[in-house]
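Undergrad: With the sequence up front, the predicted model follows.
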Amino acid sequence: MLYYACLLGGRCDTPQVLAREKEVNQQEEVLLLGFWENDDPQEEEKARSILNIVSPLGASLALHAVDCRQPKLAHNEFLNDILNEHVHMERDFINFKVSHENDAERDSSTRRTKFSFLDYPFLLTCANKVVALTYDNRIRMYREQRQAIITSLFHSTPFMSPFLRLSVRRDHLIEDALSGLELIAMQDPTAFKKQLHVEFDGEQGLDEGGLSKEFFQLITEQLLNQDFGMFIHDKTTNQLWFNPIPFESEREFSLIGMLLGLAIYNGIILNVAFPNVLYRKLLGKIGTLDDLEQSHPIIYRSLRQMLVYEGDDFTDTFMVPFQIAYNDVCGNTVTHDLILDGSRHLVAQENKALFADLYADYLLNQSIDRQFRAFKRGFQLVTEESPLRWLFRPDEVELLVCGRQGELHFSEMEETTRYDGGFSSESETVKHLWSVLHSLSQDEKRLFLQFTTGSDRIPVGGLSKLKLVIARNGPDSERLPTAHTCFNVLLLPDYLSCEKLREKLLKAIQNAKGFGMM
């Protein structure tokens, strides 16, 4: 009750905004559940129960955590350290899963009889919620694998792969990924619940996670490149936002959405930089003036300056029409009237708040509606049954997708690192390695993370969650260190000197790209 009291007492979205969001979300839910029209009705009910998870108190108040922008007490104040340290997430997840699947069985006598802390996600750290989400994803993967094997063995149907296989050519990455994922979406969208296996055409290598990481890295670099025309880079925030007049069709935006969903589903961190409002919109919210502060800070400051100005000479001072102007990717100026004949009506003291709201709504919602709907549709194809929307706030979804940027301190990773092949924490080469790693610059540390794990981002829960393995790879030699990014394993020859180790390691991490390096 205290938690919801803090939400109610905080700064929440207006009833008008909530009503509009409800209407939009209901329309999208109908389209989303259309993917279940040929399935078992019980499965459809289970899908609906996951989409509509809400606490009894939250339901009675018609309030969700994401509706409150600034609670009276910060969300972190409700985290229970002792609970998060000792909670048994596997058992808790089972209780949560059983309870909500029973919700779909309306006459079930066991409905909602199991207690789960996941019904109160504000008590849990993001790291523990990630553990629960991982259990949910793995169960779906194993279920799909088992169903594919059973179908292939006992039914007269063509062989069904237990994995979501995607074969791509490096020089046609976007084209191959788009056609492959589109075909899967049309033929069998439930295949997105299988574990992703990527194959690069003409290259050897079994995907145990490393190839998928490389695939995501390469394709996001291409799709998010400003030259591709899908997104606009804001130099002030170093973030990307949808291009109102893109070169590409909805197919490419849907592909980006699918990639974000697949990255979460397969536990892969992406090197992307979107403002928080994108993740709010993915969770069913719409962009408002408050969101401009982070996504478009220069425009936000200009609008705030206008809103706080109380002078009688407002119109003469600002001389702003009810119109928005922006440049397309070719540098041409495009204008749009925010009201009928907006270019002929100047903003006045009495309607400046309306102008600011219409400006933000056009920039964050209307101008990118087609692009974002395709993006969200692709995202939901993968996450349609996931408890993601219930468990995570927008800032936590952002952490799931792209990890955390910040200063890297390898001491926490050192504490959880395991050793293999004859190495131990007391081995001289291992001591040399950590000495070298701690002395690296921040850029070099990111290169090392990229080299060993496939990502230079800090995962949810910190570097200790990476579980790095350092294995001895033969005696002293001229070979460079190598890595199995699938399993976060660093293969290190037993170099005799610290200087040689540093030289070989830097050469390896500065020239590592492609599976061929293995």
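TA: Received, thanks.
Undergrad: For S411, see how far away the closest residue to T125 other than its chain neighbours is.
TA: With sequence-adjacent residues excluded and distances taken as CB to CB, 6 or more residues apart in numbering, T125 is closest to N84, at 4.8 Å. Placement of C-beta: from N, CA and C, glycine included. In this structure, N84 and S411 are 22 Å apart, going by CB to CB, to the nearest Å.
Undergrad: what about the two, which has more around it?
TA: N84 (16 against 11; other CB atoms under 10 Å).
Undergrad: So that one sits against L124, correct?
TA: Yes. The criterion here is CB atoms under 8 Å, and N84 meets it with L124 at 6.1 Å.
Undergrad: quick revisit: spit out the contact partners of the residue nearest to T125.
TA: When the contact criterion is CB atoms under 8 Å, 6 or more residues apart in numbering, the partners of N84 are 123-125, 127-128.
Undergrad: can you check V277 too?
TA: 287, 291, 294-295, 364.
Undergrad: how near is it to K129?
TA: When distance is defined by CB to CB, V277 is 21 Å away from K129.
Undergrad: next one: K465
TA: As judged by CB to CB, K465 and K129 stand 13 Å apart.
Undergrad: do L255 as well
TA: In this view, L255 and K129 are 27 Å apart by CB to CB.
Undergrad: swap in T151?
TA: Distance, T151 to K129, by CB to CB: 33 Å.
Undergrad: can you pull the contacts of the residue sitting nearest the centre point of the chain?
TA: The C-alpha lying nearest the average C-alpha coordinate of the chain belongs to V401 (CA atoms, centre = their mean; 2.6 Å). V401 sits next to 260, 263-264, 269-270, 272, 279 when contact means CB under 8 Å, 6+ apart.
Undergrad: Please produce TSV containing those residues, extended by distance to D136.
TA: TSV is the format used below for the contacts of V401 (distance: CB to CB, whole Å):
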residue	distance to D136
L260	17
A263	16
I264	11
I269	18
L270	20
V272	23
Y279	19
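Undergrad: The residues you listed in strands, which ones?
TA: Taking DSSP state E as the definition of strands, these contribute nothing to them.
Undergrad: Highest neighbour count among the residues you listed?
TA: Highest neighbour count within the contacts of V401: L260, with 28 neighbours (other CB under 10 Å).
Undergrad: Torsion angles phi and psi at the nearest residue to that one once chain neighbours are set aside?
TA: Using CB to CB, 6+ apart and skipping the chain neighbours, the partner closest in space to L260 is F379 (5.5 Å). Geometry field for F379 lists phi and psi as phi -60, psi -40, criterion degrees, to the nearest 10.
Undergrad: what's the distance between F379 and G257?
TA: Where G257 is concerned, F379 sits at a distance of 4 Å (CB to CB).
Undergrad: Run through the strands of this structure in chain order.
TA: If you assign secondary structure with DSSP E, the strands in the chain sit at 11-12, 68-70, 163-168, 195-200, 231-234, 239-242, 323-327, 333-337, 418-420, 469-472, 482-484, 489-492.
Undergrad: closest one to D188 among these?
TA: In this view, the strands of the chain are compared for proximity to D188 by CB to CB, and strand 163-168 is the closest at 10.0 Å.
Undergrad: Quick one: list the elements packing against that closest one.
TA: Applying 3 or more CB pairs under 8 Å, 6 or more residues apart in numbering; DSSP states H and E, one finds that strand 163-168 makes contact with helix 173-187, strand 195-200.
Undergrad: Check the ones you listed for me and report the most buried one.
TA: Each of the helices and strands packed on strand 163-168 was scored by mean neighbour count; the highest is strand 195-200, a mean of 20, by mean count of other CB atoms under 10 Å.
Undergrad: what does that strand contact?
TA: Judged by CB under 8 Å, 6+ apart, the contacts made with strand 195-200 from elsewhere in the structure are 141, 145, 163-170, 207, 211-212, 214-215, 262, 265-266, 515.
Undergrad: go with 6 Å
TA: The set of residues external to strand 195-200 that reach it, using CB atoms under 6 Å, 6 or more residues apart in numbering, is 141, 163-167, 170, 207, 211-212, 215, 262, 266.
Undergrad: from the chain's centre, how far out does that strand sit?
TA: 19 Å (CA atoms, centre = their mean, to the nearest Å).
Undergrad: List the pairing partners of that strand within its sheet, with orientation.
TA: Each strand pairing with strand 195-200, determined using DSSP bridges, is listed with its direction: strand 163-168 (parallel).
Undergrad: What is the distance between the partner strand and the centre of its chain?
TA: From the chain centre to the centre of strand 163-168 is a distance of 21 Å (CA atoms, centre = their mean).
Undergrad: That one versus helix 173-187: what angle between them?
TA: 150 degrees (axes from the mean of the first three to the mean of the last three CA atoms, to 10 degrees).
Undergrad: buried set for strand 163-168?
TA: 163-166, 168 (16 or more other CB atoms under 10 Å).
Undergrad: what's the answer for stretch 500-510, then?
TA: Of the residues in stretch 500-510, those buried under the neighbour-count criterion (16+ other CB under 10 Å) are 501-502, 504-506, 508-509.
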